[in-house]
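A.B. asks: Mind folding the following:
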Amino acid sequence: MNNFCFNEMQEMQKELQEKYKDKWGGLSPEKGIPMLLWLYGELGEVGDIIKKNGSEAILGDKEVRDHFIEELCDVMMYFNDIMLCYSVSPEELKEIYLKKHEINMSRW
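C.D. replies: Residues are numbered from 1 along each chain as shown. So this is what the prediction gives:
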């Protein structure tokens, strides 16, 4: 089974950002804050779907579920853009994620 990974997502985001570089201004640390604000907006859209439709619709209604997943994709796109703005590699993310998981597993 082929899992969709951060490396693939980042390559796709690089391709998208390159295509619209003249319009969007490219990726840089200066773009990190606006990207974060857009990420917040997309998270709000995910929350709105949950609030307006409820969990049952997300789990059982294909149209609602597809919309929910589309908004999650927008979240992931901006998340990856932020990683790219600050040159965070998927390998770095994994290393710190694993450390954080270990810490969380030993709490309480």
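
A.B. asks: Which is the succeeding secondary structure element to the lengthiest helix in the chain?
C.D. replies: Of all the segments of type helix in the chain, defined by DSSP state H, the longest one is helix 29-60. Using DSSP states H and E, the next helix or strand after helix 29-60 towards the C-terminus is helix 62-85.

A.B. asks: What residues sit buried inside the longest helix of the chain?
C.D. replies: When neighbours are counted by 16 or more other C-beta atoms under 10 Å, the buried residues of helix 29-60 are found to be 31-32, 35, 38-39, 42-43, 46, 49, 53, 57. C-beta: built from backbone N, CA, C; applies to glycine.

A.B. asks: Give me the contacts around stretch 20-30.
C.D. replies: The set of residues external to stretch 20-30 that reach it, using C-beta atoms under 8 Å, 6 or more residues apart in numbering, is 14, 17, 31, 81, 84-86.

A.B. asks: if we can go back for a sec, so which of the buried residues of helix 29-60 comes closest to residue 96?
C.D. replies: Each of those was checked against residue 96 using C-beta to C-beta; the closest is residue 32, at 17.3 Å.

A.B. asks: So residue 4: helix, strand or coil?
C.D. replies: Recorded secondary structure, residue 4: coil (DSSP: H, G, I helix; E, B strand; the rest coil).

A.B. asks: Could you check how far it is from residue 63?
C.D. replies: Applying C-beta to C-beta, to the nearest Å, one obtains 22 Å for the distance of residue 4 from residue 63.

A.B. asks: where does the residue nearest the centre of the chain land on pLDDT?
C.D. replies: Residue closest to the mean C-alpha point of the chain, counted by C-alpha atoms, centre = their mean, is residue 76 at 1.5 Å. At residue 76 the predicted local distance difference test score is 96.

A.B. asks: Repeat that for the one 5 residues further on.
C.D. replies: Residue 81 is assigned a predicted lDDT (pLDDT) of 96.

A.B. asks: need the contact list for it.
C.D. replies: Going by C-beta under 8 Å, 6+ apart, residue 81 touches 13, 17, 27, 31, 35.

A.B. asks: Packing partners of the host helix or strand of the first one?
C.D. replies: Residue 13 is located in helix 6-19, with elements delineated by DSSP H and E. Helices and strands in packing contact with helix 6-19 are listed as helix 62-85, helix 90-105; criterion 3 or more C-beta pairs under 8 Å, 6 or more residues apart in numbering; DSSP states H and E.

A.B. asks: Before I go, just wanted to say thanks for your time.
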